[in-house]
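Undergrad: Structure, please.
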Amino acid sequence: MSASLHRANRRVGVMAALMAAAMVGLAYAAVPLYRLFCETTGFGGTTQVGVAAPSASQLASVAGRSIKVRFDANVGAGLGWKFRPKLNEVTIPIGQKRLAFYTASNLNSTPVVGRAVFNVSPDVAGRYFIKIDCFCFSEQRLAAGETVDMPVSYYIDPAIMDDPVARKVDEITLSYTFYAVDKPARDGVSGATKRITAG
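TA: Next up, the predicted model:
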C-alpha cells in the first residue's frame with residue numbers, strides 16, 4: 001500500500017471517528033437544546049418566564065382588552081395525589097399580573113415528591129403566557145396526608161395583540177400534570193408554596 005493511500009485511509013478513519021463523536025454529543029444535547037428552543041419560542045405551548053409585570057405604557061396599549069384563562073390539572077399514574085385548580089377559569093385584563101392557586105393532596109401513607117410539567121393551549125399563546133413564579137419551577141414534597149395550596153403568578157403579555165394569529169385567541173388553557181419523582185433533587189417544597197392544614 002502506497003504512503004498516499006495509507007494517509008487517505010487514515011484521514012477517512014479520523015473523519016468517521018469525529019463524526020461519530022459529534023453525533024453522540026448532539027444526541028446528548030438534543031433534549032436541553034429542544035427545551036431551550038421551546039422556552040424561547042413558546043413552541044408546543046411552552047410558557048415563558050418573566051420577572052415583573054408589564055410597564056404602565058404597555059398596559060395602556062391594551063386597556064380594556066381581556067382574555068379568559070382556564071385551569072386544568074392532571075396526575076400521572078402511580079403518584080397517589082389529588083390535584084385540582086381552586087378556580088376552573090377567570091377572565092383577566094391583558095397585561096395585568098394575576099395569582100392562581102392549585103391544591104394538591106398526598107393520599108399516600110408516606111411522603112411523596114412530585115414535579116409538575118405544563119403547557120398552554122392553543123400553542124400560539126404559549127409565548128405570551130408569562131409566569132413570574134410557579135410551583136412548577138421546582139419539585140414539591142408532600143408529607144403523608146398533607147394538603148397544600150400551590151400558587152402561580154402570571155400575566156398575558158400585551159405583545160399578544162401585535163401577533164396577527166395570537167390576537168384572535170379569546171381563551172387560553174393552562175394545564176399541569178404532576179408526576180412522581182423517583183430520585184428527588186432535594187427535600188422540601190418551593191418557596192412559593194403556601195401550606196394549609198390537611199382537611
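Undergrad: hey, what's the most centrally placed residue in the chain bridged with?
TA: The centroid of the chain falls nearest to F118 when counting by CA atoms, centre = their mean (4.5 Å). Note on F118: beta-bridge partners by DSSP bridges are Y176.
Undergrad: residues contacting it?
TA: Neighbour list for F118: 47, 134, 136, 174-177 [criterion: CB atoms under 8 Å, 6 or more residues apart in numbering]. For every residue, glycine as well, the C-beta is placed using N, CA and C.
Undergrad: what's the distance between it and D72?
TA: Between F118 and D72 the distance is 10 Å, computed by CB to CB, to the nearest Å.
Undergrad: Between those two, which contacts overlap?
TA: Overlap between the contact sets of F118 and D72, as judged by CB under 8 Å, 6+ apart, is given by 174-176.
Undergrad: Okay, and the beta partners of V112?
TA: Beta-bridge pairing of V112 under DSSP bridges involves L142.
Undergrad: Count the residues that sit near it.
TA: Neighbour count for V112, taken as other CB atoms under 10 Å: 23.
Undergrad: Now do the strands in the chain.
TA: Ranges of strands in the chain, per DSSP state E, are 48-49, 66-75, 81-85, 89-93, 98-106, 112-121, 129-134, 140-142, 147-156, 171-180, 194-196.
Undergrad: With mean pLDDT as new columns, can the ones you listed be given to me in JSON lines?
TA: Listed next are these as JSON lines, based on pLDDT from 0 to 100:
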{"stretch": "strand 48-49", "mean pLDDT": "54"}
{"stretch": "strand 66-75", "mean pLDDT": "96"}
{"stretch": "strand 81-85", "mean pLDDT": "97"}
{"stretch": "strand 89-93", "mean pLDDT": "95"}
{"stretch": "strand 98-106", "mean pLDDT": "96"}
{"stretch": "strand 112-121", "mean pLDDT": "94"}
{"stretch": "strand 129-134", "mean pLDDT": "93"}
{"stretch": "strand 140-142", "mean pLDDT": "95"}
{"stretch": "strand 147-156", "mean pLDDT": "95"}
{"stretch": "strand 171-180", "mean pLDDT": "96"}
{"stretch": "strand 194-196", "mean pLDDT": "45"}
